[in-house]
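Novice: attaching a predicted model along with its sequence, questions to come.
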Amino acid sequence: MAATTMAQALNRALRDAMTADERVLVFGEDVGQLGGVFRITDGLTRDFGEQRCFDTPLAESGIVGFALGMAMGGYKPVVEMQFDAFAYPAFEQITSHVAKMRNRTRGHLSVPMVIRVPYAGGIGGVEHHCDSSEAYYVHTPGLKVVSPATVNDAYTLLREAIDDPDPVIFMEPKKLYWSKEDIELRHVDEPLGHAAIRRHGKDATLIAYGPSVPVALQAAAAAAEEGIELEVIDLRSLVPFDDDTVMRSVRRTGRCVVVQEASGFAGFGAEIVARIQERCFHSLAAPVIRVSGFDIPYPPPMLEHSHLPSVDRVLDAVDRLQFTDEPDHRYLTGAHS
Amino acid sequence: MSDHIATDLLPSATPVRYLAEDGTTVDGPAGYTLPSVEELRDAHRRMVVGRRFDAQSTALTKQGRLAVYPSSRGQEACQIAAAMVLREDDWLFPTYRDSMAMVSRGMDPVEVLTLLRGDAHCGYDPNAARVAPQCTPLSTQTLHATGLAYALRRNGTDSAVLALIGDGATSEGDFHEALNFAAVFEAPVVFLVQNNKYAISVPLDKQSAAPSLAYKGVGYGVRSEQVDGNDPVAMLAVLHKAFEHARAGAPFLIEAHTYRIEAHTNADDATRYRDSAEVDRWLDADPLARLEKHLRGIGALTDEDVAEAQAEGERLAADLRSRMNADPHLDPMALFDHVYARPTTQLVEQRDLLATELKAQEG
Ligand SMILES: Cc1ncc(C[n+]2csc(CCOP(=O)(O)OP(=O)(O)O)c2C)c(N)n1
């Protein structure tokens, strides 16, 4: 079997969803003839016609607001925001309308749609092309937020997101677009909201999602060589959040590190840590530690390696779990001193 | 060729008008089909009822029954024409100021006012009413209207959509994106800008330097017109034409020149930014009085007709008063409904917490 990239898996998911349901439409900037700047929509216009996959004027708020109207009219739009930071013009439409329409109308109107956001860094992109914007979306009730970390999940989660009756922000880790797996893509029909244990271990739990999952897995592999068995949880879905899988693991290991690429302060990792200490306090042998990007605007490409949580940084955090009471600000990136 | 196109799209140099302020007819532009006398009698009745609804709602604010009410007094010709040109299968996208148009469309006034009373964000089923939730963020609804219009067209119907918007809101980006999308996608949507001269306190000349807000359509390829928004004949004529265009796949933009007689809302002090002489001038241009004079002048309206319309307005007001004076039944547990199609486990936990709290309060 030929290896499949995450980009190809996403393309397959769009194709299969469009084939399965005529109401599924793909639109956005450059998604037609070009197939998207990352080629996720490659060939869709050719194979499904301009009625099903089309370019829109260059206006993100327009794309999302227009999509909302189309969803009211019975369609299931899957729109592409070209890059993370370029979705911000659409932020009002997303938070004030897409997220709230079901609730505002007490269930009379639902706007099932998927907003695909290529996000996060590690690709050497210049300014405004590498934001980790998930915290903005997870903070908004009414939105579901998912991020795949594997090729298979790229396919499965996108199919589930399109099938979902609620609007879904689909965060695609750009640096994983070219990751490959030898795998047959299959549509598992399950609702969003399940985390996956990617590696079993008993000494501590690493929690990650999207672009940080491979980092966590590499850290776990390195730790294993030193005889430390780390469990790695890939959240897959940030909202809904799988408390069950997370808490069961942490209660078993008693130690936990949360890894995220986004800045730490008030980030999604802070929510995870808070939930864990509220629910697993007596099982914890050490404070839960966050490893995150620094609280800085995304750096220029030649410096991004210093910003992004590395395997070493994760391993250092794991060491800290062993555990002294001395405050060590190195890893508390969320703390403004 | 481009000259030709621009000429086609451009609004007339002055607002379309068929009735002078004293109710006599004036020579308006050719090319419009004027409403029949029967339509105008209907418009008159609706305007009387609409104004009564508006006055009652303002009174309910003073009694603390509504959290806020943005009056549309003075804008009756726009509001009523908006309701009248819509077919049952067409959609209306109203703002917070457009309750009168919604009531005139046949919606239950109590359901219309739940947003402003504060018991629900939207008190009706938009699909059943073919009316979107009243929009509070400025201009965002113009994009929804455009998307839905395009969807209706793709669904093979000839339904059209009317998006209402204020003058100040035309400065927002979404309005411009909507015009652009509507033109590119040939969406059957009509944008009706009710230029009531102020965005809260900011006058139009600080909002836009365009000769008319209708000119904003031209650059997007959207046919536009400006109209005397206090002339019900002109409003109906222009809106009818706009809908013809929209159903044929060409969106249309209308600027209606009108005036907000009351303050922005009951919470606003309009004397801080405009003088009473200005308001008085606009009272002389009153759309309802104008239509009444016209219809009486041509012998199409009797004292009994007027009395009948007023009686209908009184009945509506009395019904509204009594139903709004009863406290609505509110269930706090409903807070958790319809956040998602299926609640998350986190929401279920929070719902349980509130249930426990409520039980404790009862006990
Ligand atoms: C995006 C946004 N910004 C600010 C406001 C606050 N606001 C409410 S009404 C209003 C003025 C709107 O004026 P206009 O569009 O002329 O409509 P009118 O109220 O006169 O009908 C403002 C600034 C808002 N509702 N939405």
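Specialist: Now that the structure is in, tell me what you want to look at.
Novice: pick out the residue of chain A closest to the ligand.
Specialist: residue A:92 (7.2 Å; CB to the nearest ligand atom). (Glycine included, C-beta is placed from N, CA and C.)
Novice: ok, then the element right after whichever helix or strand that residue is part of?
Specialist: Per DSSP states H and E, residue A:92 falls inside helix A:91-92. Using DSSP H and E, the helix or strand that follows helix A:91-92 in sequence is helix A:101-104.
Novice: pull the CA atoms of that next one into PDB?
Specialist: C-alpha atoms of helix A:101-104 as PDB (Å, rounded to 0.1, in the frame of the first residue of the first chain):
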ATOM      1  CA  MET A 101     -27.300  30.300  16.200                       C
ATOM      2  CA  ARG A 102     -28.700  27.100  17.700                       C
ATOM      3  CA  ASN A 103     -28.900  28.500  21.100                       C
ATOM      4  CA  ARG A 104     -30.300  31.900  20.100                       C
END
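Novice: mind listing the helices for the stretch 51-200 of chain B?
Specialist: B:76-85, B:99-104, B:109-117, B:126-129, B:140-154, B:173-184 (DSSP state H, counting those that start in this stretch).
Novice: starting at the chain centroid, how far to the first one?
Specialist: What separates the centre of helix B:76-85 from the centre of its chain is 8 Å, taken as CA atoms, centre = their mean, to the nearest Å.
Novice: thinking again about what came up before, now the helices of the stretch 51-200 of chain B as TSV including mean pLDDT?
Specialist: Shown next, in TSV, are the helices of the stretch 51-200 of chain B (pLDDT from 0 to 100):
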stretch	mean pLDDT
helix B:76-85	98
helix B:99-104	98
helix B:109-117	97
helix B:126-129	98
helix B:140-154	98
helix B:173-184	98
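Novice: now render the ones you listed as CSV, adding mean neighbour count and distance to residue B:207.
Specialist: Converted to CSV, these look like this (neighbours: other CB atoms under 10 Å in any protein chain shown; distance: least, CB to CB, whole Å):
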stretch, mean neighbour count, distance to residue B:207
helix B:76-85, 28, 18
helix B:99-104, 26, 23
helix B:109-117, 21, 25
helix B:126-129, 15, 30
helix B:140-154, 28, 16
helix B:173-184, 25, 12
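Novice: setting aside sequence neighbours, what's the nearest residue to residue A:213?
Specialist: In space, and not counting its chain neighbours, residue A:213 is closest to residue A:149: 3.5 Å by CB to CB, 6 or more residues apart in numbering or on different chains.
Novice: which parts of the stretch 101-250 of chain A sit against chain B?
Specialist: Counting by CB under 8 Å from any CB of the partner chain, the residues of the stretch 101-250 of chain A close to chain B are A:101-110, A:141-142, A:144, A:164-166, A:191, A:193, A:239-241, A:243-244.
Novice: ok, the residue nearest to residue A:213 - contacts?
Specialist: A:173, A:176, A:198, A:208-214, A:234, A:236 (CB atoms under 8 Å, 6 or more residues apart in numbering or on different chains).
Novice: same question, residue A:138
Specialist: Counting by CB under 8 Å, 6+ apart, residue A:138 touches A:145, A:238-239, A:268, A:271.
Novice: next, give phi and psi for residue 32.
Specialist: Going with chain A. Per-residue torsions, residue A:32: phi -80, psi -100 (degrees, to the nearest 10).
Novice: count the residues that sit near it.
Specialist: Close neighbours of residue A:32, defined as other CB atoms under 10 Å in any protein chain shown, add up to 19.
Novice: repeat for residue A:97
Specialist: Residue A:97 has 24 nearby residues by other CB under 10 Å.
Novice: my guess is it contacts residue B:147. True?
Specialist: No. Using CB atoms under 8 Å, residue A:97 makes no contact with residue B:147, being 10.9 Å away.
Novice: follow-up on the earlier one: surely the residue of chain A closest to the ligand meets residue B:140?
Specialist: Yes. In terms of CB under 8 Å, residue A:92 counts as a neighbour of residue B:140; the distance is 6.5 Å.
Novice: between the two, what contacts are shared?
Specialist: Joint contacts of residue A:92 and residue B:140 (CB under 8 Å, 6+ apart) are residue B:174.
Novice: tabulate the CA atom coordinates of stretch A:210-227 in CSV.
Specialist: C-alpha atoms of stretch A:210-227 as CSV (Å, rounded to 0.1, in the frame of the first residue of the first chain):
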residue,chain,number,x,y,z
GLY,A,210,-2.4,18.3,17.1
PRO,A,211,1.2,19.3,16.3
SER,A,212,2.4,18.5,19.8
VAL,A,213,1.4,14.8,19.7
PRO,A,214,4.5,13.7,17.7
VAL,A,215,6.7,15.7,20.1
ALA,A,216,5.1,13.9,23.1
LEU,A,217,5.5,10.5,21.4
GLN,A,218,9.2,11.2,20.7
ALA,A,219,9.7,12.3,24.3
ALA,A,220,8.0,9.1,25.5
ALA,A,221,10.3,7.0,23.2
ALA,A,222,13.3,8.8,24.6
ALA,A,223,12.2,8.4,28.2
ALA,A,224,11.6,4.7,27.6
GLU,A,225,15.2,4.3,26.9
GLU,A,226,15.9,5.5,30.4
GLY,A,227,13.3,3.2,31.8
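Novice: can you tell me what sits against it?
Specialist: A:119-122, A:134, A:147-150, A:171, A:173-176, A:179, A:198-199, A:201, A:203, A:206-208, A:229-232, A:234, A:259-261, A:309-311, A:314-315, A:318.
Novice: what is the mean pLDDT for stretch A:26-45?
Specialist: Averaging pLDDT along stretch A:26-45 yields 97.
Novice: actually stretch A:120-130, sorry about that
Specialist: 93.
Novice: likewise for stretch A:51-61?
Specialist: Throughout stretch A:51-61, pLDDT has a mean value of 98.
Novice: for it, buried residues please.
Specialist: A:52-56, A:59-61 (16 or more other CB atoms under 10 Å in any protein chain shown).
Novice: that stretch near chain B at all?
Specialist: Yes. Judged by CB under 8 Å from any CB, stretch A:51-61 comes into contact with chain B at A:51, A:56-57, A:59, A:61.
Novice: gap between stretch B:232-244 and the chain center?
Specialist: Taking mean C-alpha positions (CA atoms, centre = their mean), stretch B:232-244 and its chain are 15 Å apart.
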